[in-house]
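Enquirer: Need a 3D model of the following:
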Amino acid sequence: MADLDAALDAAGLTNPSVRDYVRKYADLTGAERIEVVNAGDDARLVQEALDAGELLPAGEGRYYSRSHHLDTARSEERTIVATNDEKDKGVYNNWRPASEMVPLLEDRMRGASVGKTMYVIPYLMSPPGNDLAPWATGVELTDARTVVLHMIRMARVGVEHVNDVGDQFVRAVHVTGDLHNLRQGTPEDRRYFVTVGDERTILHFGSSYGGNALLGKIAHGLRQGAYDGWASKKFLAEQYMLIGIHDKETGKDYHICGGFPSASGKTNLAMMLAPDVLGDRYHVSFYGDDIAWLWVHEDGRLYGMNPEYGVFGVAKDTNERTNPTALRSVDPGTGAIFTNVAYNPNTEEVWWEGRTPSRPEDVHGWLDWTGAPIADRKDSDSSPWAHPNSRFTTTLANVPNIADDYDAPTGVPIDAIIFGGRTRDREPLIRAIHDLAEGVYDGLTLGAEATAAAEGKEGVLRYDPMSNRPFMAYGEGDYAQHYLDVVGAAAEQPIFAHVNWFQRDPEDGHFLWPGYRDNLRPLLWLLQLRNGEVTGRQTAVGIIPTADEFNLEGVDISPQDLETILSIDKERWQQEMTNREEHLRQFRDLPEAIWEAHRRVAAAVEDSQP
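Expert: Residues are numbered from 1 along each chain as shown. The predicted structure follows:
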């Protein structure tokens, strides 16, 4: 290997602890050369990737990549949280002892990067100068150039973020491995994705895709961040979107964050624009679509910030109606990277299911996400052109309605925390909750209806506490208490709410609420409720709007459908309370305040009128 110290010196990487860490894993993996990456290296690295065939051009200033066909998504069953204390074991975090997992991963990594370059990516998962920056600093080592290019778009990258932090940084090691021979999905599967929470170390082996390889994102931004927030007693790291709403008439700004299980509309909500009829008064700003860190600022209010610097969005069903903001963020010239969509090398076009109402008519030249020509398919082959988990990667600055202060070190004050799961009945359009314990209880019992792709019975919720089920870093009881402690320390409490855009008519199946841009309307009602401008109607499970409290100008909805989405079905909620109790009993050391909230709501449901 070329002289390591010379490479680090040339890059200006002076932190002795970082240098020792790089040396350890360079020796372990057998990397042939070391390259320290800064954000300014992007253009050169893109060209190198194009020359090597790792990227293909997708029009002006856009790029296409294709992962290995067995490496297309996160693998929850191979994802582990390891610590040195078994008390950190929870229901969902796949806990294993660090003494077992660290040697196992290091053994898998030994010699696995021979002949490759080890890229050193110093990164920051917060705005510079933020209160939480000490927990947001990391260094990822990776042997995949495409991972570097995604990380440059998803995190703040440069040696200036790590030179002065001493030993206080997350050590994140990614080794691709031999993707052809990892026996993915078999009992002999060699992949492991491990976050060693109390050692602030991330060790991922056996992938070069998405959250398995972009270690600043989920592994640091959620799992390690959550563990650090709990260990320090200072903050929460949540899978939340974060938006701002500006009222041009009053000059007031509001900020809302919230969690949504998969396929429940989180990204579309985060990138929402105001309906045309409300656009003269309200402007919606984008801060983030996936992760928010929350803490109490010195002024006593709860604040939030998006630790990411980019968007790693699901391409499927993204179009001009569902999310025009997302499409503008990947326009020509943005430097966006598309992964595992359909691609036409002749025209340099990309396409995915839902991008347009129908597939391109002329299939000549089109390749599906595996690289197979569409023209060679049999007429009976209706399999997707793009992988269902195909993605686009772009920086926050490319989002048209990005907030002016998205990179401000202060973060933004949080006025409301919302939860939303896809349910065809049971959940009204919106119900608001003033009580902290009942709000946390509602988040812990968040869920979406089971589908063919998810375990569970049809019509029964698959619970996803705070939308954090795949990212829990420690025990759920401790998590609930920490959430109560952090938010409870705020002098001015946010209002909680539960939303549902997906109620359907039981007869013909049509959606009762139009959704998308009109989802701003219930959020405006929530802010009015918080401000005392409306009162709503108290129900057993929260406050719901009255029909006259909504501005429904331009909304195509029948009075019957409106009545349904603003009502509570007692029988369905009685069933739900039974399911919730069974769900919560899984969790060790759940705070008594949560059980008290459950009993209050259950009693109110029983006493309510049908």
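Enquirer: pLDDT weak spots in this structure?
Expert: Flagging of the chain using pLDDT under 70 yields the residue ranges 1-2, 450-460.
Enquirer: hmm, 50 instead?
Expert: 451-456 (pLDDT under 50).
Enquirer: which residue is nearest the centroid of the protein?
Expert: Of all residues in the chain, the one closest to the mean position by Cα atoms, centre = their mean is Asp290, 3.0 Å from it.
Enquirer: so who does it touch?
Expert: Residues near Asp290 by Cβ atoms under 8 Å, 6 or more residues apart in numbering: Lys217, Gln239, Met241, Lys266, Thr267, Asn306, Glu308, Val311, Phe312. From N, CA and C alone the C-beta is placed, and that goes for glycine too.
Enquirer: Was I right to think the fifth one contacts Lys316?
Expert: It stands for Thr267. No: look at Thr267 against Lys316 with Cβ atoms under 8 Å: they stay out of range, at 10.9 Å.
Enquirer: neighbours around Ile430, how many?
Expert: Counted with other Cβ atoms under 10 Å, the burial measure for Ile430 works out to 28 neighbours.
Enquirer: repeat for Ala98
Expert: Neighbourhood size, Ala98 [other Cβ under 10 Å]: 21.
Enquirer: now swap in Thr186 and tell me
Expert: Residues within reach of Thr186, counting by other Cβ under 10 Å, total 8.
Enquirer: Please settle this for me: is it part of a strand?
Expert: No: with DSSP: H, G, I helix; E, B strand; the rest coil as the criterion, Thr186 is coil rather than part of a strand.
Enquirer: shift numbering so it begins at 20
Expert: Renumbered: residue one is now 20, and that last one reads Thr205.
Enquirer: one step back: point out the ones among the contacts of Asp309 that are inside helices.
Expert: The helices, defined by DSSP state H, take in Lys285, Thr286 from those.
Enquirer: Turn the contacts of Asp309 into a markdown table, columns for neighbour count.
Expert: Formatted as a markdown table, the contacts of Asp309 follow (neighbours: other Cβ atoms under 10 Å):
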| residue | neighbour count |
| --- | --- |
| Lys236 | 23 |
| Gln258 | 23 |
| Met260 | 29 |
| Lys285 | 20 |
| Thr286 | 20 |
| Asn325 | 30 |
| Glu327 | 25 |
| Val330 | 29 |
| Phe331 | 21 |
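Enquirer: now, which of the contacts of Asp309 lie within strands?
Expert: Residues of the contacts of Asp309 located in strands (DSSP state E): Met260, Val330, Phe331.
Enquirer: quick one, strands of the stretch 120-269 of the chain?
Expert: Under the criterion DSSP state E, counting those that start in this stretch, strands of the stretch 120-269 of the chain are mapped to 136-143, 156-161, 175-176, 189-194, 211-215, 220-224, 254-257, 259-266.
Enquirer: Parallel or antiparallel, list what pairs with the first one.
Expert: For strand 136-143, sheet partners with direction are given as strand 52-55 (parallel), strand 156-161 (antiparallel), strand 175-176 (antiparallel), following DSSP bridges.
Enquirer: next one: the last one
Expert: Here the strand partners of strand 259-266, with direction, are listed using DSSP bridges: strand 272-278 (antiparallel), strand 301-307 (antiparallel).
Enquirer: for stretch 402-411, how far is the first residue from the last?
Expert: Start-to-end span of stretch 402-411 (Cα to Cα, to the nearest Å) is 21 Å.
Enquirer: If we go by neighbour counts, what in it is buried?
Expert: Buried positions in stretch 402-411, judged by neighbour count with 16 or more other Cβ atoms under 10 Å: Trp404, Ala405, His406, Pro407, Asn408, Ser409, Arg410, Phe411.
Enquirer: With stretch 364-376 instead?
Expert: Under 16+ other Cβ under 10 Å, the buried positions of stretch 364-376 are Glu368, Val369, Trp370, Trp371, Glu372, Arg374.
Enquirer: residues contacting the first one?
Expert: Just to be clear, that refers to Glu368. By Cβ under 8 Å, 6+ apart, the neighbours of Glu368 are Ala77, Gly78, Tyr362, Pro379.
Enquirer: Hmm, the first one is touching Tyr362, no?
Expert: This points to Ala77. Yes: taking contact to mean Cβ under 8 Å, the distance of 7.1 Å between Ala77 and Tyr362 places them in contact.
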